[in-house]
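# Okay, predicted coordinates and the sequence, questions at the end:
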Amino acid sequence: MDNFPELSSNVWEHENDDGIEVKSRTKWESEFDIPDDIIDSVRILNSSLVLNAFSKVFEIQKLIPDPYFSGGGLNIFRMCAITGYRGSKAKKSLKDMNETDF
């Protein structure tokens with residue numbers, strides 16, 4: 001964790017979907033953007049061995065690596081609501097949710 005980029009660093013893009021989530025993720029476009037002190041960890045997590053294990057554990061078929069890190073890389077979620085809804089219903093406010101939504 002000592003090598004995890006500070007949230008104030010310019011490597012992050014930030015999104016704030018009020019009432020749903022506040023998210024930050026790295027703006028990497030290739031391996032060359034990843035700091036040297038965490039590249040090995042990122043490569044391992046993006047490897048076929050780890051992706052195959054995740055496929056089995058989470059029962060998601062055919063996970064594939066993302067060499068361009070589009071939407072990938074490091075992510076931080078500070079508030080997140082998972083509703084199982086799609087479209088406009090997916091953006092329910094946290095205060096409007098009840099235990100049947102989870």
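Structure's in. What do you need?

# Could you use CA atoms for every contact and neighbour count after this?
OK.

# quick one: low-confidence parts of the chain?
1, 71-72, 78-102 (pLDDT under 70).

# would you list every one of the helices in it?
39-45, 48-58 (DSSP state H).

# And the residue nearest in space to the middle of the chain, how far from residue 56?
By CA atoms, centre = their mean, the chain has its centre lying nearest to residue 75, at 4.2 Å. Distance, residue 75 to residue 56, by CA to CA, to the nearest Å: 23 Å.

# repeat for residue 24
28 Å.

# now residue 12
In terms of CA to CA, residue 12 sits 31 Å off from residue 56.

# neighbour count winner among the two?
residue 12 (19 against 13; other CA atoms under 10 Å).

# How about that one, nearest residue that isn't a chain neighbour?
Sequence neighbours aside, residue 26 is the residue nearest to residue 12 in space, at 4.4 Å (criterion: CA to CA, 6 or more residues apart in numbering).

# got the contact list for the one you found?
11-13, 72-75 (CA atoms under 8 Å, 6 or more residues apart in numbering).

# go again using 6 Å as the cut-off
11-12, 73-74 (CA atoms under 6 Å, 6 or more residues apart in numbering).

# Same question for residue 14.
The contact partners of residue 14, by CA under 6 Å, 6+ apart, come to 23-24.

# now the strands: where do they sit in this structure?
With strands called from DSSP state E, the chain shows them at 12-17, 21-26, 75-79.

# which of those strands sits most buried?
Greatest average neighbour count among those goes to strand 21-26 (a mean of 18), per mean count of other CA atoms under 10 Å.

# so that one versus strand 12-17, what angle?
160 degrees (axes from the mean of the first three to the mean of the last three CA atoms, to 10 degrees).

# what's the span of stretch 53-63, first residue to last?
Using CA to CA, the two ends of stretch 53-63 sit 10 Å apart.

# Mind listing what's buried along that stretch?
Buried residues in stretch 53-63, counted by 16 or more other CA atoms under 10 Å: residue 54.

# which outside residues touch that stretch?
The contact list for stretch 53-63 (CA under 6 Å, 6+ apart) is empty.

# returning to that earlier point: of all the helices of the chain, which one is nearest residue 19?
helix 48-58 (27.4 Å; CA to CA).

# Thank you kindly, that will do.
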